[in-house]
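S.K.: let me see the structure of the following:
(one chain, ligands or ions: 1)
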Amino acid sequence: MPTADTETKGPGATSDHPSGDDRFELLDKAMRRGRYGQDQLIEVLHVAQEVFGYLSEDLLLYVARALRLPPSRVYGVATFYHLFTFDPPGDHSATVCTGTACFVKGANDVVDALAREHRVAPGSTTEDGRFTLKTARCLGSCGMAPVVVVDGEVRGHLHADAAIDEVAARLATTDDRDSEEAV
Ligand code: FES
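M.R.: Residues are numbered from 1 along each chain as shown. So this is what the prediction gives:
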């Protein structure tokens, strides 16, 4: 049975952390593994994003301090790479691969359709925080192009209409849960 203490821990956390947020323990572990090397910055940012879901300003400062790098350098590196995101993700997300194979099979139509349907620009989250639309370079499943990762699940051959239906179905599951909780 979970205790109040274990309930506050992040996934995979193993011990208490002075910050009170044990997800930092995972990040610390990654930095320790890399001996706090400044050349590990990109790897560390990847871990930070995996663990926290996005890179907040506090997180960037934390990494800068730990690796003894100027915050401007950390911020500069993080913003240079499209892989990093700085806003909290929405309840649901779709990441459309825009690599060559997917592009040829209509990935841009998928991006445009989802952006239009949800009135959200690629790379951002709807105002109500329910849906995030992202794009990515080749996801390594070119034979299934166009590929869209919906809520962490890789979906192949997902053309525009199917992508809209898929995302609508995901959003509907939370709608149902919300209305059940409201009863
Ligand atoms: S180009 Fe989309 S998976 Fe490779």
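
S.K.: not counting its neighbours along the chain, what's nearest the residue nearest the centre of the chain?
M.R.: Centroid check for the chain by Cα atoms, centre = their mean gives Gly53 as the closest residue, at 4.8 Å. Nearest residue to Gly53, sequence neighbours excluded (Cβ to Cβ, 6 or more residues apart in numbering): Pro89, at 5.4 Å. C-beta coordinates here come from the backbone N, C-alpha and C atoms, glycine included.

S.K.: you'd agree the one you found is up against Leu55?
M.R.: No - if you go by Cβ atoms under 8 Å, Pro89 and Leu55 don't touch, sitting 11.5 Å apart.

S.K.: wait, is the residue nearest to Gly53 part of a strand?
M.R.: No - with DSSP: H, G, I helix; E, B strand; the rest coil as the criterion, Pro89 is assigned coil and is not in a strand.

S.K.: pLDDT score assigned to it?
M.R.: On pLDDT, Pro89 comes in at 84.

S.K.: for the ligand, what's the nearest residue on the protein?
M.R.: Nearest to the ligand, among the residues of the chain, is Gly99, at 2.6 Å (Cβ to the nearest ligand atom).

S.K.: tell me which residues touch the residue nearest to that residue when sequence neighbours are not counted, please.
M.R.: Nearest in space to Gly99, with sequence neighbours left out and distances taken as Cβ to Cβ, 6+ apart, is Cys138 at 3.2 Å. Cys138 makes contact with Cys97, Gly99, Thr100, Ala101, Cys102, according to Cβ atoms under 8 Å, 6 or more residues apart in numbering.

S.K.: interface residues of this structure facing the ligand?
M.R.: Within the chain, the positions near the ligand by Cβ under 6 Å from any ligand atom are Cys97, Gly99, Thr100, Ala101, Cys102, Cys138, Leu139, Gly140, Ser141, Cys142, Ala145, Val147.

S.K.: isn't the second one right next to Leu139, touching?
M.R.: Meaning Gly99. Yes - using Cβ under 8 Å, Gly99 is in contact with Leu139, at 7.1 Å.

S.K.: what's the spacing between Tyr81 and Glu43?
M.R.: 12 Å (Cβ to Cβ, to the nearest Å).

S.K.: thanks again, I'm all set now.
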